[in-house]
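In: Take a look and give me a structure for this.
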Amino acid sequence: MVNITLSEEQKREYHDCFCLFEKNRGFIKQDQVRDCLRHVGFNPTDSLLQNLQWELDSSEQGRLGFKEFLELITRLLQEMDQAKEARDSFNAFDFLGEGFVAANDLKEALFYIMEKASEEDKQNIVKHFKLEKNRKIEFEEFKEMIIMKK
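Out: Residues are numbered from 1 along each chain as shown. Below is the predicted model of the structure:
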């Protein structure tokens, strides 16, 4: 995972936005976080936002301070970077733009990368990722494979 460092200019922009929504002595309520994020150009999925808020709300009071808000933004940027990396990798295999990767093509690429691995290790990967012949892998499943391996 790429380590994201925010510039001072970005921190100021995020602080200004945080202050627009902060009405609670240095905190914003969790139900305001999505609006605040949208104000600075983020649109995370509900599940991702909920998971990150749950991880970062150390006080368990349903609110985030500015430090936690910056951490939330940093993690969102990391997620976006991972998703882009996964999409680029997927597109390298989906050269016809059909929206899927043939499991057999993926298996051959993995075996090439793992040329020194034992046959048993290779077969364990095929079994784990269900890379049987004639199976088609769509992007979301591919992304989970890629992100899980990191």
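In: Please report how far A117 lies from I137.
Out: Plainly put, A117 is 21 Å away from I137 if you go by CB to CB, to the nearest Å. In short, each C-beta sits where N, CA and C put it, glycine included.
In: Those two: which is more packed in?
Out: The neighbour count for A117 versus I137, taken as other CB atoms under 10 Å, is higher for I137 (21 against 14).
In: mind listing the helices for this structure?
Out: Along the chain, counting by DSSP state H, helices occupy 8-21, 30-39, 46-56, 66-93, 103-113, 119-128, 139-149.
In: mind putting those helices in TSV, mean neighbour count and mean pLDDT included?
Out: Listed next are those as TSV, based on neighbours: other CB atoms under 10 Å; pLDDT from 0 to 100:
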stretch	mean neighbour count	mean pLDDT
helix 8-21	14	94
helix 30-39	17	89
helix 46-56	14	82
helix 66-93	16	88
helix 103-113	14	81
helix 119-128	12	81
helix 139-149	15	75
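In: Tell me how far the most centrally placed residue in the chain lies from N134.
Out: The residue lying closest to the centre of the chain (CA atoms, centre = their mean) is E79, at 2.7 Å. According to CB to CB, E79 stands 32 Å off from N134.
In: tell me the domain ranges of the chain?
Out: 8-80, 94-148 (the TED database).
In: As CSV, those domains with distance to R87 would be great.
Out: Output for the domains of the chain, formatted as CSV (distance: least, CB to CB, whole Å):
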stretch, distance to R87
domain 8-80, 10
domain 94-148, 7
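In: For A86, which of the ones you listed is the nearest?
Out: Smallest distance to A86 across the domains of the chain (CB to CB): 4.1 Å, for domain 94-148.
In: rewinding a little: the residue nearest to the centre of the chain against L49, yeah?
Out: No. Between E79 and L49 there is no contact under CB atoms under 8 Å: 10.4 Å.
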